[in-house]
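K.L.:
what's the 3D shape of this:
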Amino acid sequence: MTGDPEPIGAEARRALEKELARLTAERDTVAATLAGADNTGDAADQADELQRADTLQRLDNRIRDLDVRLRQAADAVPPSETVIGVGTTVTVRFGDGAEQTVHIGEVADALDQNLVTSDSPLGRALLGHHAGDEVAYDAPDGHTTARIVSLG
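P.N.:
You can find the predicted model right below:
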């Protein structure tokens, strides 16, 4: 990988935007409970207040990460036709000779059986490589390799 912003597909962008909207609404709800709280109460009330503050911090961190990712993706160039990146479709041959065509995505989708996320072991191994390269990665059955047959 080059360190440049990774491109993001339309589906992944929509999923991240949807998550961002949901988290922003949740954050607003939690923040409203903190703004209206007074400092009187017992230890349980104070513990609840601390829990809401922790939740708010967690939401703020994820919202910031999503915002940065979406802004970076807006500046990214489309996937290369010769180097594997997010958005690339690639055919790989595994050690047992089986071939599979997958596409590299950023957001997991349980309904897409051919999606490999960029942060999975195989996805990380493939990023930045070319057709003909062999990559090594840790699979559930142990360390293994795969050869990149083609892109596109």
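K.L.:
may I see the buried residues of the lengthiest strand in the chain?
P.N.:
Assignment by DSSP state E gives strand 142-151 as the longest strand of the chain. Buried positions in strand 142-151, judged by neighbour count with 16 or more other Cβ atoms under 10 Å: 144, 146, 148, 151. Quick note: C-beta positions are derived from backbone N, CA and C, even for glycine.
K.L.:
by contact count, what packs against that strand?
P.N.:
Taking 3 or more Cβ pairs under 8 Å, 6 or more residues apart in numbering; DSSP states H and E as contact, the helices and strands that strand 142-151 lies on are strand 89-94, helix 121-126, strand 134-139.
K.L.:
looking at the ones you listed, which is buried most?
P.N.:
The densest packing among the helices and strands packed on strand 142-151, expressed as mean neighbour count by mean count of other Cβ atoms under 10 Å, is seen in helix 121-126 with a mean of 20.
K.L.:
quick check: mean pLDDT of it?
P.N.:
When pLDDT is averaged along helix 121-126, the result is 94.
K.L.:
now do stretch 89-96
P.N.:
For stretch 89-96, the mean pLDDT works out to 93.
K.L.:
and for it, what's in contact with it?
P.N.:
Residues external to stretch 89-96 that are found in contact with it (Cβ atoms under 8 Å, 6 or more residues apart in numbering): 84, 99-104, 122, 126, 144-152.
K.L.:
could you do stretch 11-27 as well?
P.N.:
8, 56, 59-60, 62-63, 66-67, 69-70, 73, 86, 105-107, 109.
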